[in-house]
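[1] here is the input, now give the coordinates:
(one chain, ligands or ions: 1)
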Amino acid sequence: MNDLPSNELPIHGSALDEHLRSLPPVQVLDTDLDGTLVGSEGSLLSTVTGAPTARAAQGLVAARQAGVTVVPVSGRRHAQLAWDCRLLGLADFVAETGTVICRDGEVQRWWGDAPKELTGTPREALRETGALQALLDAFDGELRIYDPYDDGRIGEYLLIGQVDVRQANELLAGSGAPWANLIDNGASTGWPGRHARAYHLLPRGTGKARAVAEDLRLRGLSPGVAMACGDSMEDWTMAACVGTYVQVANGHGALGGNAFGVPGAMTEGFADAVDALLRAYLR
Ligand SMILES: [Mg+2]
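    Residues are numbered from 1 along each chain as shown. Purely as a prediction, here's the structure:
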């Protein structure tokens, strides 16, 4: 690790601190973006209410100064995330809910259980096997492609609406693409005039946890030196493949075991996680 950051760290004894002290120092921080590293309106520099804050940015810098590799693990499309990472000074990332992994500038598609021989990308396989259309037909008027945020993806589809996910997956299981999977990404304001949720349609055998596990394997690192941070249920699945999972205050997963909550929401929660990481580093 490099030189420690010079900013003062708050004294804060907690179960998270104790847990981190029982593990080797964190070397990789896998973080969700929306609702975690970035706050209101997707801003790195805003709190959950939109008030200005530099805490997440300071945390990001402090983690990097401590030699921690920060890897965004996001549902954002890969081309957009590449630009986001450039702005943040980060190199590697996991995009499109784990269906795209970028390491050392090389973009890899993760097919999971999708058949590779059919098409060029997992997204095309979802379309050409009829999985996408089967869902749109079954939930006509209740589900649609989430434009413009879906555009340009290669690993999955991003949808918006209000559907029964179990019913949707039963339908997919009986379709021509039983390997397709719909997951709930949480409430969304993207469909004016109605309550709506965002959904990822992607191959089974993919997802954030699988991608993080593979990223750690490629780095030759054990789960114990990795911390993940997030807010959604999909983020929470990363707890199974890292030493420590930190859920920001606006998060939804069950806590316990190696999953801990922090007081701050969104950007401030990310900063809380980095503070804990650095406190453990100073042990
Ligand atoms: Mg999120």
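
[2] where exactly do the strands run in the chain?
    Ranges of strands within the chain are 28-31, 69-72, 93-95, 100-103, 106-109, 143-145, 157-161, 180-188, 196-203, 226-230, 244-247, 259-261, based on DSSP state E.

[3] now the ones you listed in JSON lines, with mean pLDDT?
    Shown next, in JSON lines, are the strands of the chain (pLDDT from 0 to 100):
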{"stretch": "strand 28-31", "mean pLDDT": "98"}
{"stretch": "strand 69-72", "mean pLDDT": "98"}
{"stretch": "strand 93-95", "mean pLDDT": "98"}
{"stretch": "strand 100-103", "mean pLDDT": "95"}
{"stretch": "strand 106-109", "mean pLDDT": "92"}
{"stretch": "strand 143-145", "mean pLDDT": "98"}
{"stretch": "strand 157-161", "mean pLDDT": "98"}
{"stretch": "strand 180-188", "mean pLDDT": "93"}
{"stretch": "strand 196-203", "mean pLDDT": "97"}
{"stretch": "strand 226-230", "mean pLDDT": "98"}
{"stretch": "strand 244-247", "mean pLDDT": "98"}
{"stretch": "strand 259-261", "mean pLDDT": "97"}
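
[4] nearest to the ion, of those?
    Closest of those to the ion is strand 226-230, at 6.0 Å (criterion: Cβ to the ion). Every residue, glycine included, has its C-beta placed from N, CA and C.

[5] return the closest one as CSV; C-alpha atoms alone will do.
    Output of strand 226-230 as CSV, limited to C-alpha atoms (Å, rounded to 0.1, in the frame of the first residue of the first chain):
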residue,chain,number,x,y,z
ALA,A,226,-12.4,-7.3,-0.7
MET,A,227,-15.1,-5.0,0.5
ALA,A,228,-18.3,-4.3,-1.4
CYS,A,229,-20.7,-1.4,-1.0
GLY,A,230,-24.2,-1.0,-2.3
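
[6] what residues does it touch?
    20, 26-32, 35-37, 73, 208, 212, 216, 235-236, 238-239, 241-248, 251, 253, 269-270, 273, 277 (Cβ atoms under 8 Å, 6 or more residues apart in numbering).

[7] quick one: which of these sit in helices?
    Among the contacts of strand 226-230, the ones falling in helices (DSSP state H) are 20, 208, 212, 216, 235-236, 269-270, 273, 277.

[8] tell me the contacts of the residue in the chain positioned nearest to the ion?
    Residue of the chain nearest the ion, by Cβ to the ion: residue 35 (3.6 Å). Applying Cβ under 8 Å, 6+ apart, we find residue 35 in contact with 186, 230-232, 248, 250-251, 266.

[9] redo those residues as a markdown table? Include distance to residue 99.
    Formatted as a markdown table, the contacts of residue 35 follow (distance: Cβ to Cβ, whole Å):
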| residue | distance to residue 99 |
| --- | --- |
| 186 | 18 |
| 230 | 17 |
| 231 | 20 |
| 232 | 16 |
| 248 | 24 |
| 250 | 25 |
| 251 | 22 |
| 266 | 24 |
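
[10] and of those, the nearest to residue 47?
    Checking the contacts of residue 35 against residue 47 with Cβ to Cβ, the nearest one is residue 266 at 6.8 Å.

[11] burial count for that closest one?
    Residues lying near residue 266 (other Cβ atoms under 10 Å) number 26.

[12] with residue 134 instead?
    Using other Cβ under 10 Å, the number of residues around residue 134 comes to 18.

[13] do I have it right that it meets residue 169?
    No: using Cβ atoms under 8 Å, residue 134 is not in contact with residue 169; the gap is 11.4 Å.

[14] surely residue 24 meets residue 244?
    No: with contacts counted by Cβ under 8 Å, residue 24 stays clear of residue 244, the gap being 11.1 Å.

[15] so those two - more neighbours on which side?
    Per other Cβ under 10 Å, whichever of residue 24 and residue 244 has more neighbours is residue 244, with 26 against 12.

[16] residues touching that one, list them.
    Counting by Cβ under 8 Å, 6+ apart, the residues that residue 244 touches are 16, 19-20, 23, 26, 226-228, 258, 260.

[17] for it, name its beta-bridge partners.
    Beta-bridge partners recorded for residue 244 (DSSP bridges): residue 227.

[18] for the ion, what are the nearby residues on the stretch 101-250 of the chain?
    Residues of the stretch 101-250 of the chain lying close to the ion (Cβ under 5 Å from the ion) are 231-232.

[19] burial of the closest residue to residue 178 other than its chain neighbours, as a residue count?
    In space, residue 178 comes closest to residue 172 once its chain neighbours are excluded; the distance is 6.7 Å by Cβ to Cβ, 6 or more residues apart in numbering. For residue 172, the neighbour count with other Cβ under 10 Å is 25.
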